[in-house]
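Enquirer: below are the sequence and a predicted model; questions follow.
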Amino acid sequence: MSIIETRQLTKYYGKARGIIDVSLRVEEGEVFGFIGPNGAGKSTTIRLLLGLIFPTRGEARIFGKDAIKDGPEIRKDIGYLPSEVFYYEGMKVIDLLKYSASFYPGDHRQRMHELADIMELDLNRRIEDLSYGNKKKVGIVQGLLHSPKLLLLDEPTLGLDPLMQRKFFDLIRQENARGVTVFFSSHILGEVQRLCSRVGIIKDGRIIEISDIRTLQQNNYKRIYVAANAIPAGYFDLPGVTNLEEVNGGVRFFFKGDIDAIVEKLSALDLLDVTIEEPTLEEIFMHYYE
Amino acid sequence: MNANIFKFEIRMKLKSALIWSIAVVAVSLIYLGLYPSLAQEADLFDQALANFPPQFLQAFGMQNLNMSTIMGFYSFVFLFIQVLLAIQASMYGFGLVSVEEAEFTADFLLSKPVTRTQVLTSKFLAALIALTVTNAAVWASSLVFLEMFDAGRGYDRHAAILLLSSIVIFQIFFLTAGAAISLLLKRVRSVTPYAMGLAFGMYLLGAFSGMLGDVKLELITPFKHFDPNAIIQNNAWNFSLVAISIAVIVIAIVISYWRYLHRDIPAVA
């Protein structure tokens, strides 16, 4: 049974496109990255999973249950961190967290204090006095304090400084090590690369690729840099070579195809230096968005 | 019903309910406190009023104003209290779910393991409790002040209780109507203008019903259903008019639940 499964999940806001035919599966214990630029439909997908909005067609199942019909039961085991956090301004942090905890059976005080310590969150301050980054920390603590089985994180690092981002990632890794499934949306690929095992790429409301991060990097392009004595003009005019450019005495290009052929071609040169790298996710990503 | 939400909502509204209570008590005190001095000039007062155009008197609930006992004067004061209660209940109604949506805290609440029905019911009941606090303040202050300021002429307790008993339906009318209208709209950015519009709109419909010539329009306003002047004069409610109030309440509740259960919670931007 998949933890998340959507089938042709579609949402229109009136005539405006939200998402179209999104079908994906997230398995237990996975950290799934959901990548796309702003407005691609990431938040729409997450809000559909939470039952905050209703699908135009298609369906979403979480823990094997219907996201709308069994919503309240499902949400017992979900922790949600929205991209923009908004809380009742007049409240103290501690009261908000207690209110949040009161919805989940059991006693979550210890975990709450643990998390607040890790995130260096002052529990006695008023929400209205908090900076954006501190509100985000409140969001993290309230999303995690009931030890959910599934985390839905919508652009979770927005507004966190690098130090806190690292602590946050450590937290997510720990949760994941305990078996928690994570659905992580972001437009920053670096962080997805650091954390996720699989990614889905969404563009204009449609999923354009779902794959293993490794596969995405390996089966795709190699980034090759070659410095050699005299590279004849047009030497690398081969199928699979793209984005060729000359840089300080060498050439740099992307290559997709038979690796043996390109190595043969390289070895025929009088080489000074060569690097063959996997492209960053950013570069792969740009390719999808060209 | 969800006890957490209910308690939370009560806490959020308690201060506002107390402030409204102070306002209605102050209004009752200031006006009813005037009665003993007015009573001495009651005849002069009645004569002076007789010279006003009847439409004017009707607009301010002063037609048939009989100053010879405090009850006549009270019907005029009660109209004033009704306006305040209508504004308060409309504010709670329009704000019931729209405040959370405008401030984006709805995401927090609805991502918890609760049903929409639980959320709306808890909010409705908490608002009703807050309104009841103010209702109780009106009861207590009215009964005390009527006793204190009756200028030794006594007052009709039965009529006063009939009037006071009408408050609860009156409040629920504005609470549920406000909630239903807010849920028919896509987004309510600010509660106050809507609440003022509903409360004063209904008041004006009642006040100027005679002038418009069209009798039908006034039938929808609780200011007519619970016209203090009529209740005191007849010493009874007009049950066919009250039935309209109750019908509107039922429809408003149905609309509210139906809309809320199918509502897309608006996201930021």
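Expert: The structure has been received and is ready for your questions.

Enquirer: OK, contacts around the residue positioned nearest the centre of chain B?
Expert: Ranked by distance to the mean C-alpha position of chain B (C-alpha atoms, centre = their mean), the top residue is B:Ala86 at 2.9 Å. Residues near B:Ala86 by C-beta atoms under 8 Å, 6 or more residues apart in numbering or on different chains: B:170, B:174, B:198-199, B:202-203, B:222-223. Any C-beta I mention is one placed from the backbone N, CA and C, and that applies to glycine too.

Enquirer: averaged pLDDT, the strand or helix carrying it. What do you get?
Expert: Following DSSP states H and E, the helix or strand that holds B:Ala86 is helix B:70-102. Helix B:70-102 carries an average pLDDT of 94.

Enquirer: restrict the helix or strand just after that helix to CA atoms and write it as CSV.
Expert: For helix B:70-102, the following helix or strand on the C-terminal side (DSSP H and E) is helix B:106-110. What follows is helix B:106-110, C-alpha atoms only, in CSV (Å, rounded to 0.1, in the frame of the first residue of the first chain):
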residue,chain,number,x,y,z
ALA,B,106,-8.0,28.3,8.4
ASP,B,107,-5.2,26.1,7.0
PHE,B,108,-3.9,25.5,10.6
LEU,B,109,-7.4,24.6,11.9
LEU,B,110,-8.6,22.4,8.9
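
Enquirer: would you mind listing the buried residues in the very next helix or strand once past helix B:106-110?
Expert: Later in the chain than helix B:106-110, the nearest helix or strand by DSSP H and E is helix B:116-148. Of all the residues in helix B:116-148, those buried under the rule 16 or more other C-beta atoms under 10 Å in any protein chain shown are B:116, B:118-124, B:126-128, B:130-131, B:133-135, B:137-139, B:141-142, B:145-146.

Enquirer: now helix B:116-148 against helix B:70-102, angle please.
Expert: For helix B:116-148 against helix B:70-102, the angle by axes from the mean of the first three to the mean of the last three C-alpha atoms, to 10 degrees is 160 degrees.

Enquirer: packing partners of helix B:116-148?
Expert: Helices and strands touching helix B:116-148, by 3 or more C-beta pairs under 8 Å, 6 or more residues apart in numbering or on different chains; DSSP states H and E, are helix B:3-32, helix B:70-102, helix B:106-110, helix B:157-165, helix B:167-184, helix B:239-261.

Enquirer: can you pull the residues of chain A lying near chain B?
Expert: Within chain A, the positions adjacent to chain B are A:13, A:43, A:47, A:50-54, A:71-76, A:78, A:80, A:82-84, A:86-89, A:99-100, A:102-104, A:142 by C-beta under 8 Å from any C-beta of the partner chain.

Enquirer: mind listing which of the residues you listed are in strands?
Expert: A:13, A:78, A:80 (DSSP state E).

Enquirer: chain B: which of the residues you listed is nearest?
Expert: Nearest to chain B among these, counting by C-beta to the nearest C-beta, is A:Tyr80 at 4.4 Å.

Enquirer: just list the residues touching the nearest residue to B:Lys112 once chain neighbours are set aside, thanks.
Expert: Ranked by C-beta to C-beta, 6 or more residues apart in numbering or on different chains and with sequence neighbours excluded, the top spatial neighbour of B:Lys112 is A:Phe103, at 4.1 Å. Neighbouring residues of A:Phe103 by C-beta under 8 Å, 6+ apart: A:146, B:4, B:112-114.

Enquirer: next up, the contacts around the residue nearest to A:Ser2 when sequence neighbours are not counted.
Expert: Distance criterion C-beta to C-beta, 6+ apart; nearest residue to A:Ser2, sequence neighbours excluded, is A:Arg25 at 4.3 Å. By C-beta under 8 Å, 6+ apart, the contact set of A:Arg25 is A:2, A:4-6.

Enquirer: you'd agree A:Arg25 is in a strand?
Expert: Yes: remark: A:Arg25 belongs to a strand, assigned using DSSP: H, G, I helix; E, B strand; the rest coil.

Enquirer: before we move on, back to that, and the ones in strands among the residues of chain A next to chain B, which are buried?
Expert: Applying 16+ other C-beta under 10 Å to those, the neighbour count classes A:78, A:80 as buried.

Enquirer: export the ones in strands among the residues of chain A next to chain B to TSV and tack on pLDDT?
Expert: Formatted as TSV, those follow (pLDDT from 0 to 100):
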residue	pLDDT
A:Tyr13	92
A:Ile78	97
A:Tyr80	96
